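1. show me the folded form of this:
(one chain, ligands or ions: 2)
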Amino acid sequence: MDRIRLVGGNELRGEIPISGAKNAALPLMIASLLTDEPLVLHNVPRLADVKQLERIMENHGVDIAVHGRRRGEEDVGQRMTFHAADIVDTTAPYDLVSKMRASFWVIGPLLARCHEARVSLPGGCAIGTRPVDLFLYGLKALGAEIDIDEGYVVAKAPKGGLVGATISFPKVSVGATHTILMAATLARGTTIIENAAQEPEITNVAECLVAMGAKISGIGTRTLTIEGVEKLHGATVEVIPDRIETGTFAMAAAMTGGDVLLKGARPGHLQSALDILAQTGVELTEEAEGIRVRRNGNGIRPVDVDTDPFPGFPTDLQAQFMALMTMSDGVSHIRETIFENRYMHVAELVRFGADIAVNGQLATITGKSQLKGAQVMATDLRASVSLVIAGLAAKGETVVNRIYHLDRGFERLEDKLSRCGAEIERVAG
Ligand SMILES: CC(=O)N[C@H]1[C@@H](OP(=O)(O)OP(=O)(O)OC[C@H]2O[C@@H](n3ccc(=O)[nH]c3=O)[C@H](O)[C@@H]2O)O[C@H](CO)[C@@H](O)[C@@H]1O
Ligand SMILES: C=C(OP(=O)(O)O)C(=O)O
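-> Ligands and ions are numbered 1, 2, ... in the order given. Take a look at the predicted model:
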């Protein structure tokens, strides 16, 4: 199993190109199931999760083409075409779906277009129980009949297809919003989604659906209104830059000190995280090309944070922010409100000498001036990267084991960091 070996202590200086967002690319790929015409996506990141979803899409009969990179385009994401001319199989099998949460979302488009779907209950990062009740509530509201059979959700649309409805989610869910939004585009009549997720990735997908001929209003707000149409068509759409990768590198630069330009980053997509970082004393500047992050010698102030749905502080940056707080000048608190088991990195951060106590949702972090390198183990995607950035700031050598988690969501991580002066390498085997 590959590992990452790094030696901490170097400041980060230079430019880091921000890749396309994993959490936007995946639902955009899934949206291609809604039409028999090609959907062209630009800026798709090269990630294990994208590869895995390609396998799932191919199993449904989608033709996938990856267009060649031009010279000088090493930092540009892939241009890919997804063509679901015929859906040959409406089953998404356990072997493929269990590896990744977002693959479950195919249930929305399959049901809308083929009027049936059989999708294995999902996998994904082990950060909580992650039920699918909100999806099932939404799909049933659109008229679907649902059974759970041998670990599969078996869904059937009524005669004539799904029917528009008002769906008021009791809790904000990114995945349920994506799924119901996609399903509703081909339902008969009007669907209103209340308490919808407002994440930028939802907006990216909603705008893609509009480019494909869907009628959606309220994009970017808590209430989405969808007028169903009979057919969608092909389109060309760009994947937004990854706000979680942006925030991760911003926190890495805050931890190591230095001066890094995060090229292509969009400040509006992670304003709450940038505001919190500014409170810690990090200097952030919006530039034409992206966001510049600087910390020159001054300490890191402790800041308390609660994770929340967008526009709040993202749970996907909680582990990285905790790593930063282990080096603050005092005591800080983090409250994880989205997932009930998203503190798996705590035991690993403690190996660096960090002082962290967890009580239910609340973590109390007492800052230390210097972490020390250690052997650590990656447990999930964002937890893994928090260990990498802790290692960059720690004294001595760190080895991060089980890095396959990292490859799910970070493109060329070692390359991007070493180009900014980090001593980091992947060790095979
Ligand atoms: C591929 C992708 O985009 N993943 C992101 C997505 O995950 P995902 O879409 O799985 O996260 P949700 O927004 O659905 O989950 C939020 C909360 O709702 C709960 N819930 C969700 C669905 C449901 O039917 N019932 C239910 O109780 C979840 O267990 C969790 O406690 O949003 C999360 C929250 O921003 C991010 O951490 C993930 O990186
Ligand atoms: C939790 C994540 O992914 P997933 O929802 O696919 O498990 C993530 O991207 O941080």
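2. hey, let's count contacts and neighbours off CA atoms from now on
-> Noted.
3. the most centrally placed residue in the chain and Ile334, how far apart?
-> For the chain, Asn23 is the residue whose C-alpha lies nearest the centre (CA atoms, centre = their mean; 3.7 Å). Separation of Asn23 from Ile334 (CA to CA, to the nearest Å) stands at 24 Å.
4. skipping adjacent residues, who's closest to the residue nearest to the centre of the chain in space?
-> Distances taken as CA to CA, 6 or more residues apart in numbering place Glu201 nearest to Asn23, at 6.5 Å, with adjacent residues excluded.
5. so who does the one you found touch?
-> Ala21, Asn23, Ala24, Ile240 (CA atoms under 8 Å, 6 or more residues apart in numbering).
6. can stretch 216-231 be said to contact ligand 1?
-> No: Stretch 216-231 lies apart from ligand 1 when judged by CA under 6 Å from any ligand atom; the minimum separation is 13.5 Å.
7. could you give the mean pLDDT of that stretch?
-> Average pLDDT, stretch 216-231: 98.
8. sorry, back to before: how much space between the residue nearest to the centre of the chain and Pro200?
-> Taking CA to CA, one finds Asn23 at 10 Å from Pro200.
9. so what does Pro302 look like in phi/psi?
-> Phi and psi for Pro302, reported as degrees, to the nearest 10, are phi -70, psi 140.
10. what's the nearest residue to Leu362 once chain neighbours are set aside sitting at in phi/psi?
-> Residue nearest to Leu362 in three dimensions, not counting chain neighbours: Arg335, with 4.6 Å by CA to CA, 6+ apart. Phi and psi for Arg335, reported as degrees, to the nearest 10, are phi -120, psi 120.
11. and what of Asn23?
-> When quoted as degrees, to the nearest 10, the phi and psi of Asn23 stand at phi -80, psi 0.
12. and what of Gly164?
-> Gly164 adopts backbone torsions of phi -60, psi 150, taken as degrees, to the nearest 10.
13. that one touches Thr191, doesn't it?
-> Yes: the criterion here is CA atoms under 8 Å, and Gly164 meets it with Thr191 at 4.4 Å.
14. around ligand 2, pick out the residues from the stretch 251-400 of the chain.
-> Asp316, Leu381, Arg382.
15. make JSON lines from the residues you listed and add pLDDT and distance to Gly128 to it.
-> JSON lines is the format used below for those (pLDDT from 0 to 100; distance: CA to CA, whole Å):
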{"residue": "Asp316", "pLDDT": "98", "distance to Gly128": "13"}
{"residue": "Leu381", "pLDDT": "94", "distance to Gly128": "14"}
{"residue": "Arg382", "pLDDT": "96", "distance to Gly128": "14"}
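16. which of these tops the neighbour count?
-> Ranked by neighbour count (other CA atoms under 10 Å), these have Arg382 at the top, with 27 neighbours.
17. verify the contact between it and Ala323 for me.
-> No: look at Arg382 against Ala323 with CA under 8 Å: they stay out of range, at 11.1 Å.
18. widest-spaced pair of the contacts of Glu201?
-> Asn23 and Ile240 (9.5 Å; CA to CA).
19. any idea how far Leu317 is from Gly14?
-> 22 Å.
20. please name the residues that touch the residue nearest to Leu362.
-> The neighbourhood of Arg335, defined by CA under 8 Å, 6+ apart, consists of Val305, Asp306, Thr307, Gln361, Leu362, Ala363.
21. same list (those residues) but as TSV, adding neighbour count, pLDDT and secondary structure.
-> Shown next, in TSV, are the contacts of Arg335 (neighbours: other CA atoms under 10 Å; pLDDT from 0 to 100; DSSP: H, G, I helix; E, B strand; the rest coil):
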residue	neighbour count	pLDDT	secondary structure
Val305	21	98	strand
Asp306	17	98	strand
Thr307	19	98	strand
Gln361	16	96	coil
Leu362	16	98	strand
Ala363	20	98	strand
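22. let me have these in JSON lines, extended by distance to ligand 1.
-> Shown next, in JSON lines, are these (distance: CA to the nearest ligand atom, whole Å):
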{"residue": "Val305", "distance to ligand 1": "15"}
{"residue": "Asp306", "distance to ligand 1": "13"}
{"residue": "Thr307", "distance to ligand 1": "9"}
{"residue": "Gln361", "distance to ligand 1": "12"}
{"residue": "Leu362", "distance to ligand 1": "15"}
{"residue": "Ala363", "distance to ligand 1": "17"}
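23. helix/strand/coil for the spatially closest residue to Gln198 that is not a sequence neighbour?
-> Spatial nearest neighbour of Gln198, chain neighbours left out: Gly220 (5.3 Å); criterion: CA to CA, 6+ apart. With DSSP: H, G, I helix; E, B strand; the rest coil as the basis, Gly220 sits in coil.
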